[in-house]
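In: Model the structure of this input:
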Amino acid sequence: MTSDKFRKLSETNPFSYPVGTLDTTDPLYPPQYDLALKWMRDISGRSASLDFWARGNYMRRLLQMSKQATRQLIVPVQSVDEIRWAYRRLALLGMPVEFLWQGELSAPMKIMHLHPGGEDDIWDAGWGYIAALGTQFKIRRRSWAAIIGFARLMPEKVPSWIVDEAPDAFINGEVFITPSELVGVPNSEPEMRAAFEELLHAVPIHCDPAAEAMLNIELPVLDGLKASDFTKLLRDHIIELERLRFAFRKLVLADAAQDFQSLVDELNYETSELTLADRYQSFRARITRAGGMIGTSAAAVGAAVGATTGSVLAAVAAAGGSVATAGLCELLRDRAEHELDARRNPFFLLWKLGAQTGTSFRKTSPASHNYQRRIAAPPSTTDGYFHWLAPPTAGVSFAAVRKDGTV
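Out: Just a heads-up that it's a prediction; the model follows:
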């Protein structure tokens with residue numbers, strides 16, 4: 001699908017973002033994850049805060065990863081238990097993790113929320129939202145401005161997991177949660193998920209019972225630790241995890257010409273060393289003292305079908321011509337034009353995600369000023385102000401009153 005067709009869709013749909021050619025050579029500063037985290041910590045309605053922030057910063061995140069050739073692990077999930085279960089295993093391996101949320105989203109709704117509104121606060125996103133700066137609220141010595149917009153929000157427990165259990169990783173860009181439907185990736189379309197993985201040059205982790213495992217691998221597992229202890233353990237024991245992370249990265253980034261069996265053997269050896277060898281005794285003792293335990297988890301490696309940029313673009317366009325896929329198509333096309341397509345990894349990990357039950361984490365609640373609320377049903381449209389593939393710029397509009405009293 002061409003940019004002209006996307007532009008036509010946008011012009012005929014009053015609830016769509018403006019669509020144009022995405023110039024990935026324009027200088028852009030990296031997403032400021034710390035601002036999003038502080039916002040979510042300071043006030044309730046975390047999902048609305050993340051939604052506003054992502055409508056501009058999410059595309060900025062994609063552009064940054066593309067320019068830096070950052071590879072990350074993509075994990076489709078449907079619950080916070082799955083996120084927690086997978087993160088406790090993948091965080092040890094030292095690669096950024098993007099959870100593709102395929103669980104519940106709210107019905108489209110119009111919401112009112114609060115945005116940091118002081119003189120030093122940054123408005124760098126918010127496509128589809130309208131802000132009113134005239135009347136501001138004071139909460140915890142901070143100014144807040146009212147914002148309204150249409151949204152489809154993730155459950156509050158999803159961004160709360162980021163805030164309460166993985167704040168350091170989020171600030172560093174090492175973990176993110178993306179609602180699949182809001183980035184043009186329908187849950188029912190495996191081709192679209194492949195396109196998303198291609199876009200991010202990502203290493204997919206699938207749970208596909210029809211796939212045939214090639215080689216078995218062992219990965220270390222840490223369980224029973226509080227979120228704060230787990231974060232501190234990762235920060236304090238980088239050296240002990242270096243060899244394991246190096247072996248894992250070599251395996252998942254390997255190409256077909258390499259001796260794959262030797263890479264699997266190397267990773268299995270490093271997992272065994274970390275969990276059994278005397279030289280890692282102090283590392284394991286630290287885990288035990290904190291009330292946790294270390295073990296191993298079985299996974300497998302399967303063969304993946306390589307995708308060309310042309311076929312990926314076709315899959316994206318076939319998703320229904322949604323305006324929400326425009327930015328994704330532009331990024332892929334730009335990559336092809338600049339010959340930035342790296343060799344696609346011919347392998348992927350097969351790892352059945354299982355969610356532990358009965359495991360609870362102490363949660364810290366944000367301020368109880370619940371200004372987020374449903375106002376009215378929005379217009380009926382599937383291409384409305386709901387998606388995250390907005391331009392990587394400030395898109396929020398500011399309400400103003402003319403001299404004649406009109407808005």
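
In: Can I get stretch 89-101 in CSV? Just the C-alpha atoms.
Out: In CSV, the C-alpha atoms belonging to stretch 89-101 read as follows (Å, rounded to 0.1, in the frame of the first residue of the first chain):
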residue,chain,number,x,y,z
ARG,A,89,13.8,-15.5,32.9
LEU,A,90,14.7,-13.2,30.0
ALA,A,91,16.2,-10.4,32.1
LEU,A,92,19.1,-12.6,33.0
LEU,A,93,20.0,-12.9,29.4
GLY,A,94,20.9,-9.2,28.8
MET,A,95,18.8,-8.4,25.7
PRO,A,96,15.9,-5.8,25.6
VAL,A,97,12.5,-7.4,25.9
GLU,A,98,9.3,-6.1,24.2
PHE,A,99,6.1,-7.7,25.4
LEU,A,100,3.5,-7.7,22.7
TRP,A,101,0.3,-7.4,24.7
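
In: What residues sit buried inside it?
Out: 89-101 (16 or more other C-beta atoms under 10 Å). The way it works is simple: take the backbone N, C-alpha and C, and place the C-beta from them, glycine included.

In: Helices - which of those residues land there?
Out: Among the buried residues of stretch 89-101, the ones falling in helices (DSSP state H) are 89-90.

In: tell me which residues form a beta bridge with Val301?
Out: Leu215, Leu349 (DSSP bridges).

In: mind checking how far it is from Val77?
Out: 21 Å (C-beta to C-beta, to the nearest Å).

In: Ala285 too?
Out: On the measure of C-beta to C-beta, Ala285 and Val77 end up 32 Å apart.

In: neighbour count winner among the two?
Out: The neighbour comparison of Ala285 against Val77 (other C-beta atoms under 10 Å) goes to Val77, with 22 against 10.

In: For that one, report the pLDDT, please.
Out: Looking at Val77, its pLDDT is 89.

In: Next up, the contacts around it.
Out: Going by C-beta atoms under 8 Å, 6 or more residues apart in numbering, Val77 touches 83, 86, 99-103, 353.

In: Looking at the residues you listed, spot the one nearest Glu165.
Out: Of all the contacts of Val77, Glu165 sits closest to Ile83, with 8.9 Å by C-beta to C-beta.

In: quick one on the thing from earlier: now the buried residues of stretch 89-101 as a markdown table including distance to Arg152 and pLDDT?
Out: Formatted as a markdown table, the buried residues of stretch 89-101 follow (distance: C-beta to C-beta, whole Å; pLDDT from 0 to 100):
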| residue | distance to Arg152 | pLDDT |
| --- | --- | --- |
| Arg89 | 29 | 84 |
| Leu90 | 27 | 88 |
| Ala91 | 28 | 89 |
| Leu92 | 33 | 90 |
| Leu93 | 32 | 89 |
| Gly94 | 33 | 88 |
| Met95 | 29 | 88 |
| Pro96 | 25 | 90 |
| Val97 | 23 | 91 |
| Glu98 | 19 | 91 |
| Phe99 | 17 | 93 |
| Leu100 | 15 | 91 |
| Trp101 | 11 | 94 |
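
In: Mind checking which of the buried residues of stretch 89-101 are in strands?
Out: 97-101 (DSSP state E).

In: from those, which single one is nearest Thr271?
Out: Nearest to Thr271 among those, counting by C-beta to C-beta, is Val97 at 18.3 Å.

In: Quick check: that closest one touching Val75?
Out: Yes: the criterion here is C-beta atoms under 8 Å, and Val97 meets it with Val75 at 6.3 Å.

In: any common contacting residues for these two?
Out: Joint contacts of Val97 and Val75 (C-beta under 8 Å, 6+ apart) are 86, 90.

In: got a list of what Phe394 touches?
Out: Slight slip there: residue 394 is Ala, not Phe. Neighbours of Ala394 in contact, by C-beta under 8 Å, 6+ apart: 56, 123-126.

In: What does it show for phi and psi?
Out: Note on Ala394: its backbone torsions stand at phi -70, psi 120 [degrees, to the nearest 10].

In: could you check the distance from it over to Pro30?
Out: For Ala394, the distance to Pro30 - C-beta to C-beta - is 15 Å.

In: now swap in Pro96 and tell me
Out: When Pro96 is compared with Pro30 (using C-beta to C-beta), they lie 13 Å apart.
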